[in-house]
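Asks: show me the folded form of this:
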Amino acid sequence: MSTSVKVPHKERLLRAGIRLLYDRGYNGTSVDAILAEAEAPKGSFYHHFGSKERFGREVLERYDDLQALRLRSWAVKEELTVPERLAGYHRAAVDAFVDSHWRWACLAGKLSNELAANSESYRDGLARGFVAWRDALAAMLSEGQQCGEVREDRTAEELADASLALIQGAFVAALALRDRDYLDAVTASLTDLISPRTRS
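Replies: Below is the predicted model of the structure:
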C-alpha cells in the first residue's frame, strides 16, 4: 500500500512556479503552463492566488525563504571559520547551478532584470529580498569580525554588499560562460574579499 503524501494544490503550484520562472521568466510563463506543470485545476490557481501578479510575488517570497534557509545552514557551522562558511555557501550554490545544466542561477536576479525597471510592486518585493539577504550576510560577517576572522577596515554591511554584488554578477556571467573554473575563482575571491588584511 502506498504511503506517499499528496501535495496540496497550492504547494504544487508554487513549486511549478519556481521551475517555470527560472526557465522562462515571468512574462514567458503563462497561467496555463503553470497549471500543466503542477497538474492542478485552473480554479485552484485563482482560489489561492487571485492573479498571476500575486502568484509571482508569492513564488518570489518562497524563493527568498529558501535562500535564507540555505545561507542559515552555513552560517551556523561553528566548526568552520566565517570565510569558510561563505565559501561553502557559495560553492553549494554553484553545485546546484551546475547540476541544473547551467539553467537555474538566481531567480531573484533573473526577475530583477526582467521586472524591476517597470513594476513597482515587484521592485519593492525584490528589494526586500535583497536587503534581507544582505543583512543575513552582514550578521555572519559581523560575527567573523568579532573573532578576528573577517577584516575590520570595512563594515560588515559594506562587505556584505560587495559579496552579494560579486555573487550576483558571477551567476549572470556564468549563464553565458558555463565555466566551472570561473565560478570556483569567484568563490576564492569571496574568501579573499572578507579575510583580514595582511601587513607587508
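
Asks: and residue 130, how close does it get to residue 79?
Replies: 29 Å (CB to CB, to the nearest Å). Where C-beta positions appear, they are placed from N, C-alpha and C, glycine not excepted.

Asks: same question, residue 164
Replies: For residue 164 relative to residue 79 (CB to CB), the value is 25 Å.

Asks: do the same with residue 110
Replies: 34 Å.

Asks: in which helix or strand would I find residue 95?
Replies: When elements are assigned from DSSP states H and E, residue 95 belongs to helix 82-99.

Asks: next helix or strand past that helix?
Replies: Next in line after helix 82-99, if elements are assigned by DSSP H and E, sits helix 107-115.

Asks: more crowded one of residue 130 and residue 79?
Replies: Of the pair residue 130 and residue 79, residue 130 is the one with more neighbours under other CB atoms under 10 Å, namely 18 against 6.

Asks: which ones are touching that one?
Replies: Shown in contact with residue 130 (CB atoms under 8 Å, 6 or more residues apart in numbering): 108, 112, 164.

Asks: cool, residue 157 as well?
Replies: Shown in contact with residue 157 (CB under 8 Å, 6+ apart): 134, 138.

Asks: phi first, then psi, for it.
Replies: phi -70, psi -40 (degrees, to the nearest 10).

Asks: mind checking pLDDT for it?
Replies: Looking at residue 157, its pLDDT is 98.

Asks: do the same with residue 97
Replies: Among the per-residue scores, residue 97 holds a pLDDT of 95.

Asks: thinking it is in contact with residue 174, fair?
Replies: Yes - with contact defined as CB atoms under 8 Å, residue 97 and residue 174 form a contacting pair (7.0 Å).
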